[in-house]
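[1] Okay, sequence plus prediction incoming.
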Amino acid sequence: MEGSNGAQSMILPVPVYPDTSELVIVLLLAYVLDIAVGEPPFSVHPVVWMGRLIGFFKKNIPANNRRIYGLFIGLTTILFGCTIAYLVMLFMGIESIPAVLRYLVAAYFLKATFAIRCLYGAANEVRSELDAGKLDSARQKLSMYVSRNTSKLEEGQVSSAIIETTSENYVDGILSPLLFYACFGPYGLIAAYVFKATSTLDSMVGYTDERHREVGWFSAKLDDVLNWIPARVSVIFLSAATLVVSLVYHKIKIPDYRTAFKTGIRDGLKTPSPNSGFPMASIAGALKIKLEKPNTYVLGNGFVYPVSEDIKLTSWIILVAAFFAIVASSIIIWCD
C-alpha cells in the first residue's frame, strides 16, 4: 500500500480540460486584452521568460557537438513552454476560484503567444518618422525590427523593409499561434506554447552564421514545419482582408484582392524561407508594390517601390486579417 501511495504521489495532477465555450471565451478575452492593452511588461511576459532561458543557453554554446546542443536547447525550451501552459490549465480547473478570474488568467497567457497591437504599432512608428521627413530616425526605429543593416537604406527601402517584417510576422506572430490554439481543442494552450517556444527559438538561434548554424538547425527546421500550413493559408486571409480594406479606402490607391492572391501564390516561394514569402508576396500584390531585400529576393517584380502610405495600408490589412484569424479560430473550436 505504501508503494502504491508513493507511486500515486509521483503522478502529475491531471487538469480539468476546458470545454468549447470556455476555449472561445478565453480566445476572445485574449484578443480584447491584446487590442486594449498590448504587450505586458517584460518581467511578467511568458515569451520573455522563454527568451531568457534561450539566452542563458546561448552563453554556453560548446565548441563541439553543436547540433546535439541545439536539440537540447530546443526540447528544453519547448518543455518549459509546455509547463507554463500546463500550470495555467491546472489553474483553470480550480472551481473554487471565480470563473472570471480563471478566464482572465488563461486569456493573459494565451495573449502572450500573439501580438496584433504590437505589430501594428511597430509599422506606424516607422511610418510616422517617414511622414515627418526624419529618414535617419526611421532607419533607427526600423533597426529594432529587422536584422538587415538599415543605416544606408533609402526611403523606399525603409518602407519595403517594415512592410516585409509586418506581413511576415502576420503568420508567426498572429495566425500560427491562433490556429494551433484552435485546432488542438482542450490542449490548445499547450499547442500554442509549443509553437511560440519554437518561434522564439528560431528568432534567437535560427541563424545561418558560423556561431548559430549548427546550434539553430533544429529550431529553424521545426519552425519551418510548424508554419508551413499557416503561411499558405495566410494568402487567403490577407486577400480577404484586402477586399474589405478596398471597400472603405479610396484615397491614393485601392488595394486589389485579386492581385494579392495571385502574387501570393506566384512569388510565395521566392524567399530563402519556405514560408515567409507567402504573406509578404500577398501584401506586395495587394498594394502593387515591389518588396526587395538586396541580393536575396524580389517580390512583386514589375511593381513600384512602396511609400509611407503603403505602410498604413499594410497595417490596416493586417488588422483586418487578424480579426479574420480570431473569427476562424472561434469557428474551428466550435466545430471541433
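    Thanks, I have the structure now.

[2] Let's see the pLDDT reported for Val307.
    Listed pLDDT for Val307 reads 93.

[3] which residue ranges form the strands in the chain?
    291-293, 297-299 (DSSP state E).

[4] hmm, who's touching the first one?
    Strand 291-293 is touched from outside by 148, 157, 160-161, 163-164, 280-281, 283-284, 298-300, 305-306, with contacts defined as C-beta atoms under 8 Å, 6 or more residues apart in numbering. (C-beta placed from N, C-alpha, C; glycine too.)

[5] Swap in 7 Å and give it another go.
    148, 160, 163-164, 280, 284, 298-300 (C-beta atoms under 7 Å, 6 or more residues apart in numbering).

[6] follow-up on the earlier one: which of the strands of the chain has the lowest mean pLDDT?
    Ranked by mean pLDDT, those end with strand 291-293 at the bottom, a mean of 93.

[7] Each with direction, which strands does that strand pair with?
    strand 297-299 (antiparallel) (DSSP bridges).

[8] and the partner strand, how far out from the chain's middle?
    Offset of strand 297-299 from its chain centre (C-alpha atoms, centre = their mean, to the nearest Å): 21 Å.

[9] Neighbours of Glu139, how many?
    Glu isn't right for residue 139; it's Arg. A count of neighbours around Arg139, defined by other C-beta atoms under 10 Å, yields 22.

[10] Now it. Nearest residue, chain neighbours left out?
    The spatial neighbour of Arg139 that comes closest, neighbours along the chain excluded (C-beta to C-beta, 6 or more residues apart in numbering), is Thr150 at 4.5 Å.

[11] If I follow the layout properly, Tyr86 ends up in contact with Ile190?
    Yes. If you go by C-beta atoms under 7 Å, Tyr86 and Ile190 touch, sitting 6.5 Å apart.

[12] Can you get me a residue count around Arg211?
    The local packing of Arg211 (other C-beta under 10 Å) involves 12 other residues.

[13] swap in Tyr207?
    With other C-beta under 10 Å as criterion, Tyr207 counts 16.

[14] Numbering from 29 from now on, please.
    I'll keep to 29 as the first residue from here, and by that count the last item is Tyr235.

[15] dump the residue contacts of it.
    Gly244.

[16] Kindly state the pLDDT recorded for it?
    Reported pLDDT for Tyr235: 79.

[17] With the one 5 residues further on instead?
    The score at His240 is 81. That number is its pLDDT.

[18] ok, it - contacts?
    Applying C-beta under 7 Å, 6+ apart to His240 gives the contacts Val233.

[19] ok, back up a step: out of Tyr114 and Ile218, which sits in the more crowded spot?
    Ile218 (21 against 18).

[20] list the contacts for that one?
    Ile218 neighbours (C-beta under 7 Å, 6+ apart): 110, 113-114.
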